[in-house]
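Novice: Pasting a predicted model and its sequence here:
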Amino acid sequence: MVDHSSPPRPPLSTASLAIRLACIGGVVAAVAGAFAYVNGTFDPQRLQPKTLVNALETNNGIHPGFRRNHAKGVCVAGYFESSAEARAYSSAQVFNAARTPLIGRFALPSGNPYAPDSSVPIRSFAVQFSQANGQQWRTGMNSMPVFPVGTPEAFYQLLKAGAPDPATGKPNPANMPAFFAAHPEAAPFLAWVKTAKPSASYATETYNGINAFFLVGADGKRQAVRWAVVAQSQDAVGDTAPAGSDFLEKDLVQRLASGPLRWQLNLTLANPGDPLDDASKPWIGEHKILNAGTLVLQSSQAQADGDCRDINFDPLILPSGIEASNDPLLAARSAAYASSYLRRAAEVSPLHRTPQESKP
Amino acid sequence: MNAQPRFFAPLARLLHWLMALMIIAMLFIGAGLAASVSERHEWLIHLHKPLGIAILALVIVRLAVRFSTRQPPLPGDLPRWQVLAAKASHWLLYALMLVLPLLGWAMISAAGDPVMLSHSVQLPALVSANAPLFAVLRKAHGYLAYVLFFTVLLHLAAALFHGLIRRDGVLQSMTGTQD
């Protein structure tokens, strides 16, 4: 076979060959270098998803199969019954269909799956609404009204302040006051913590979405909101937490045995000038609040086998009709949750064994 | 007997250069989003998904073009190991272009997440929700992306080697220039 051989080329001089080889090496090195810059190889200080998750593991220990944060929890299931009030503001099917099934999870905000229920005054509630059109709305809410800090960098510093000192195995008691002294934005959170007590029930709490989002109407109009679910079971509000470390799940199971539990979904519309990108700041003054409907819980499941176990409650999984704000915590939560989810998804089977091992 | 072509078919060249840009962009977008917790993470992921599906669609067209057009032969004096390396790396590139978007699509499905290409465009799930499977697919997506990146680098170095050192017309067969 005869090739279309190119005409013979004069051989390259040694100098020319060296220059040409150097050019090739230079191009390859430039592309590889740019890639290493982008993936963070040259920048060990960059806050990455794994940096945040590693910090959580440092503070709480590694508990295979469990979420790296909000590790202790319980699965619930039910549905959302929409009212007509949000329909003018959002085209999301969840606000327009009569009923949308949901899976939720109540939890404590710690990476330790064995933390006593009374160890913190905060409880969290994450929900996945599954719309009939296949889109989903996932939200992670907390009983505090604001987040301690407004940026992922400050949150990382907060985690580091709570890191155990290698010498003592406990956090240095001077670190947390020093952190809060350096972060005056935490004042609204600290003011809330002063009055907050660990509740005796998941069912009596209000859970706040904290970050701002946009409702987007069928006409494309955008309205900034923060949302919250307000408990309609007010019987035991103010009850102090009972003794023992695992009362919340028992209380929930008992309550659900005698009937469904309900929350009202409130959408607080932002006023002009309300901060949309800083979850540490409350929205002050009169606000219009929409009652978007009622969240009804009918059943619970232990998390080791429950339907909520394999859900990553990524706050940026949103249906058409709800969009993220430019709050930097949202992207950081989404990125860090993905990293935590990958770690625990590879470890699911140990989750079944660990609770037994932990029993004293 | 027909003479062997000196150049790749114009459509093959167009697809090559278009996909070269898209794939290099895609690799940087993926590496950037995996290493960021800033707003970059969000907007990069919104680029990554539709771009990945576009690459998947284009690679199918490209394979069809590859099998229906004639390729310029490699120079007869190319050492045998370089011929083998060229063929193996080309098939590895095609395989990765096809597999990486499928892995991305499958891993989102395995996580139980809706596969959204935009606020309203949704693809069906490729596999049912399965967390351990997600972990395997997600890791494969990351590792194979690095394999693709290094194969692209090798391909780039080899193309420049043909163009600058051997000057044998191989680079021109894809650039379409007459020297």
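Specialist: Arrived safely. Residues are numbered from 1 along each chain as shown, chains lettered A, B, ... in the order given.
Novice: Just the strands from chain B, written as ranges.
Specialist: Remark: strands assigned in chain B by DSSP state E are B:115-116, B:122-123.
Novice: Any chance of JSON lines for the ones you listed, columns distance to A:A107 and mean pLDDT?
Specialist: Every C-beta, even on glycine, is put in place using the N, C-alpha and C of the backbone. Converted to JSON lines, the strands of chain B look like this (distance: least, C-beta to C-beta, whole Å; pLDDT from 0 to 100):
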{"stretch": "strand B:115-116", "distance to A:A107": "26", "mean pLDDT": "96"}
{"stretch": "strand B:122-123", "distance to A:A107": "29", "mean pLDDT": "96"}
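Novice: so of these, which one's packed in deepest?
Specialist: With neighbours taken as mean count of other C-beta atoms under 10 Å in any protein chain shown, those reach their highest mean count in strand B:115-116, at a mean of 20.
Novice: is that strand anywhere near chain A?
Specialist: Yes. Remark: strand B:115-116 sits within contact range of chain A at B:M116, by C-beta under 8 Å from any C-beta of the partner chain.
Novice: Sheet partners, orientation included, of that strand?
Specialist: Partner strands for strand B:115-116, per DSSP bridges, with pairing direction: strand B:122-123 (antiparallel).
Novice: Show me the strands in the stretch 251-360 of chain A, by range?
Specialist: All strands of the stretch 251-360 of chain A, identified by DSSP state E, counting those that start in this stretch, fall at A:261-269, A:289-302, A:322-324.
Novice: and the gap between the most centrally placed residue in chain B and B:Q71?
Specialist: In chain B, the residue lying closest to the centroid (C-alpha atoms, centre = their mean) is B:M97, at 3.5 Å. From B:M97 across to B:Q71, the span is 17 Å (C-beta to C-beta, to the nearest Å).
Novice: for A:R46, same thing?
Specialist: 43 Å.
Novice: all helices in chain B, in order from the N-terminus.
Specialist: B:10-34, B:39-68, B:80-110, B:131-160, B:170-175 (DSSP state H).
Novice: want to throw those helices into a markdown table with distance to A:L342 and mean pLDDT?
Specialist: Below are the helices of chain B laid out as a markdown table (distance: least, C-beta to C-beta, whole Å; pLDDT from 0 to 100):
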| stretch | distance to A:L342 | mean pLDDT |
| --- | --- | --- |
| helix B:10-34 | 10 | 97 |
| helix B:39-68 | 14 | 96 |
| helix B:80-110 | 10 | 98 |
| helix B:131-160 | 5 | 98 |
| helix B:170-175 | 38 | 96 |
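Novice: So which of those is nearest A:I19?
Specialist: Closest approach to A:I19 among these is made by helix B:131-160 (12.6 Å; C-beta to C-beta).
Novice: Would you mark the buried spots in that closest one?
Specialist: B:131, B:133-138, B:141-142, B:145, B:148-149, B:151-153, B:155-156, B:158-160 (16 or more other C-beta atoms under 10 Å in any protein chain shown).
Novice: what number of residues lie near the closest residue to chain B within the stretch 151-300 of chain A?
Specialist: Going by C-beta to the nearest C-beta, chain B is nearest to A:P152 of the stretch 151-300 of chain A, at 4.9 Å. Using other C-beta atoms under 10 Å in any protein chain shown, A:P152 has 24 neighbouring residues.
Novice: For it, which residues are in contact?
Specialist: For A:P152, the contacting residues are A:L47, A:L52, A:P328, A:L329, A:A331, A:A332, A:A336, B:V37, B:S38, by C-beta atoms under 8 Å, 6 or more residues apart in numbering or on different chains.
Novice: Which residue is the nearest non-sequential neighbour of it?
Specialist: Leaving aside its sequence neighbours, A:P152 sits nearest to A:A332 (C-beta to C-beta, 6 or more residues apart in numbering or on different chains; 3.5 Å).
Novice: Helices along the stretch 251-360 of chain A, start to end?
Specialist: A:328-345, A:350-358 (DSSP state H, counting those that start in this stretch).
Novice: rank these by pLDDT, which is bottom?
Specialist: With a mean of 47, helix A:350-358 has the lowest mean pLDDT of the helices of the stretch 251-360 of chain A.
Novice: ok, back up a step: just checking: which of the buried residues of helix B:131-160 also lie near chain A?
Specialist: Of the residues in the buried residues of helix B:131-160, proximity to chain A by C-beta under 8 Å from any C-beta holds for B:A131, B:F134, B:A135, B:V136, B:R138, B:F149, B:L153, B:L156, B:L160.
Novice: Go ahead and confirm A:R262 touches A:G293.
Specialist: No. With contact defined as C-beta atoms under 8 Å, A:R262 does not count as touching A:G293 (10.4 Å).
Novice: So for those two, which sits in the more crowded spot?
Specialist: More crowded of A:R262 and A:G293, by other C-beta under 10 Å: A:G293, with 24 against 17.
Novice: I'd say that one and A:S90 touch.
Specialist: No. The pair A:G293 and A:S90 fails to qualify as a contact (C-beta under 8 Å) at a distance of 11.6 Å.
Novice: for A:V53, what are its contacts?
Specialist: Counting by C-beta under 8 Å, 6+ apart, A:V53 has contacts A:R68, A:A336, A:S339, A:S340, A:R343.
Novice: Tell me, how many residues neighbour B:L21?
Specialist: B:L21 has 10 nearby residues by other C-beta under 10 Å.
Novice: A:A335: how many residues sit nearby?
Specialist: 28.
Novice: give the contact list for it.
Specialist: For A:A335, the contact set (C-beta under 8 Å, 6+ apart) comprises A:P49, B:L33, B:S36, B:V37, B:H41.
Novice: The fourth one touches A:S339, doesn't it?
Specialist: No. Proximity of B:V37 to A:S339 does not meet the contact threshold set by C-beta under 8 Å, at 9.1 Å.
Novice: Looking at those two, which one has more neighbours?
Specialist: Shown here are B:V37 and A:S339; by other C-beta under 10 Å, B:V37 has more neighbours (28 against 19).
Novice: Report the separation between that one and A:V53.
Specialist: Using C-beta to C-beta, B:V37 is found at 10 Å from A:V53.
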